[in-house]
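Peer 1: Turn this into a model:
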Amino acid sequence: MLTLQRWAIVALMTMLALVPAQAQVDPGSAERLLRRSGLWVQLDGVAAQVLQGLQEAAAQSGRTPPPGEAERLAAAARAAYAGDRLRSVALRQVAQELSPQHLPALFEWYASPTGVLMTRLEEQAAADTRGTEALMAEGQARWDTLGAERRARLDALLQASGSVDSALSITLNTVAGVRQGLASVMPPGEGPTPEATRALLAEQLPRLRPAYEQLLRASSALIYAEASDEQLQAYVGFMRSAPGQHLADLLLRVLDAAFLDGATELGRRLAPPPGPSA
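Peer 2: Numbers count the residues shown, from 1 in each chain. I've put the predicted structure just below:
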């Protein structure tokens with residue numbers, strides 16, 4: 001006669017057998033989607049953007065690092081945010097989490113003329129090497145000239161794509177990730193813990209939202225300047241569809257993971273070199 005424990009095990013195994021295994025997308029399809037979406041190419045420009053942001057922040061604070069330290073920072077940023085490193089994180093996560101049922105609709109969109117155009121515009125924006133201030137000034141000037149209907153379409157696109165939430169999350173993960181990387185190679189107790197850093201930043205994010213909304217509106221006015229109202233409306237429709245929402249949610253997690261991985265590696269590389277042993 002089976003004991004109660006054995007019955008529990010039998011019931012558990014029966015339940016597990018009835019639950020379908022989570023389907024995974026093959027790596028080839030995952031890579032194809034990342035390429036069609038433009039993210040594959042965009043990840044190549046992250047290192048330069050991060051380094052530019054660090055340099056601009058240092059200049060604004062008046063604490064520009066000396067030449068030797070500046071070179072070490074540049075080398076660390078290029079290695080930590082190398083396109084191949086970030087793509088490996090993105091590829092693995094997309095293959096694991098993308099629902100195969102959405103693949104046909106996603107590939108159909110990215111093969112359409114409007115889908116191809118949007119990918120091209122986003123890739124061009126990611127490759128723009130101008131400084132942040134120059135880009136934002138041009139974007140804001142363009143936004144100020146737009147009519148109410150055009151602004152509404154761009155706002156709808158930002159909302160459907162979750163761009164503001166994504167930007168805020170990446171900011172949190174970047175700062176917390178650097179702290180996490182530093183903590184992994186520094187003596188215990190030096191500086192705030194990664195958890196404390198993340199909690200402090202999370203409190204600040206709601207206050208940063210209006211600034212990020214303004215920044216992304218200006219950016220969208222510049223990025224999608226070539227797109228017609230009809231093409232923007234089609235893009236919004238795609239992003240609001242079930243496949244589009246699934247992809248937007250997944251890419252947010254992909255970017256979170258990629259930027260956290262890069263930031264953690266940057267923190268490890270920025271740790272002070274060990275001094276001579278006593």
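Peer 1: for the helix or strand harbouring residue 218, which positions count as buried?
Peer 2: Remark: residue 218 resides in helix 194-223, with elements defined by DSSP states H and E. Going by neighbour count (16 or more other C-beta atoms under 10 Å), the buried part of helix 194-223 is 194, 197-198, 201, 208, 212-213, 215-223. For the C-beta atoms, the positions are set from N, CA and C on the backbone; glycine is no exception.
Peer 1: May I have the helix or strand following that helix as PDB, with CA atoms only?
Peer 2: Downstream of helix 194-223, the next assigned helix or strand under DSSP H and E is helix 229-240. Below are the C-alpha coordinates for helix 229-240, written out as PDB (Å, rounded to 0.1, in the frame of the first residue of the first chain):
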ATOM      1  CA  ASP A 229       1.600  59.700 -40.500                       C
ATOM      2  CA  GLU A 230       0.100  56.500 -42.000                       C
ATOM      3  CA  GLN A 231       3.400  54.600 -41.500                       C
ATOM      4  CA  LEU A 232       3.500  55.800 -37.900                       C
ATOM      5  CA  GLN A 233      -0.100  54.700 -37.400                       C
ATOM      6  CA  ALA A 234       0.700  51.300 -38.800                       C
ATOM      7  CA  TYR A 235       3.700  51.000 -36.400                       C
ATOM      8  CA  VAL A 236       1.500  51.900 -33.500                       C
ATOM      9  CA  GLY A 237      -1.000  49.200 -34.600                       C
ATOM     10  CA  PHE A 238       1.700  46.600 -34.800                       C
ATOM     11  CA  MET A 239       3.100  47.500 -31.400                       C
ATOM     12  CA  ARG A 240      -0.400  47.300 -29.900                       C
END
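Peer 1: and the least confident of the buried residues of helix 194-223?
Peer 2: In terms of pLDDT, the lowest of those is residue 194, showing 63.
Peer 1: Identify, from the buried residues of helix 194-223, the entry nearest to residue 66.
Peer 2: residue 197 (25.8 Å; C-beta to C-beta).
Peer 1: remind me which residues of the protein are low pLDDT?
Peer 2: Applying pLDDT under 70 to the chain flags the ranges 1-23, 57-58, 60-62, 176, 179-194, 197-198, 273-278.
Peer 1: and residue 106, which of the three is it?
Peer 2: Classification of residue 106 using DSSP: H, G, I helix; E, B strand; the rest coil returns helix.
Peer 1: gap between it and residue 266?
Peer 2: Distance, residue 106 to residue 266, using C-beta to C-beta, to the nearest Å: 32 Å.
Peer 1: swap in residue 236?
Peer 2: Residue 236 is 35 Å from residue 266, where distance means C-beta to C-beta.
Peer 1: who's more crowded, the two?
Peer 2: residue 266 (24 against 21; other C-beta atoms under 10 Å).
Peer 1: which residues does that one contact?
Peer 2: Each residue near residue 266 by C-beta atoms under 8 Å, 6 or more residues apart in numbering is listed here: 50, 76, 77, 80, 81, 177, 178, 181.
Peer 1: Who are the packing partners of the helix holding residue 218?
Peer 2: Helix 194-223 sits against helix 113-127, helix 132-145, helix 148-161, helix 163-185, with contacts defined as 3 or more C-beta pairs under 8 Å, 6 or more residues apart in numbering; DSSP states H and E.
Peer 1: pretty sure residue 96 contacts residue 24?
Peer 2: Yes. Taking contacts as C-beta atoms under 8 Å, residue 96 lies within contact range of residue 24: 5.8 Å.
Peer 1: Of these two, give the one with the bigger neighbour count.
Peer 2: residue 24 (15 against 12).
Peer 1: what helix or strand is that one on?
Peer 2: Residue-wise, residue 24 maps onto no helix or strand under DSSP H and E.
Peer 1: That one reaches residue 93, doesn't it?
Peer 2: No. Residue 24 is beyond contact range of residue 93, at 11.0 Å (criterion: C-beta under 8 Å).
Peer 1: among the helices and strands packed on helix 194-223, which is nearest residue 39?
Peer 2: helix 113-127 (8.7 Å).
Peer 1: From the contact counts, what lies against that closest one?
Peer 2: Judged by 3+ C-beta pairs under 8 Å, 6+ apart, the packing partners of helix 113-127 are helix 27-37, helix 39-42, helix 103-111, helix 194-223, helix 229-240.
Peer 1: and the third one, how far out from the chain's middle?
Peer 2: Spelled out, it's helix 103-111. The chain centroid and the centroid of helix 103-111 are separated by 21 Å under C-alpha atoms, centre = their mean, to the nearest Å.
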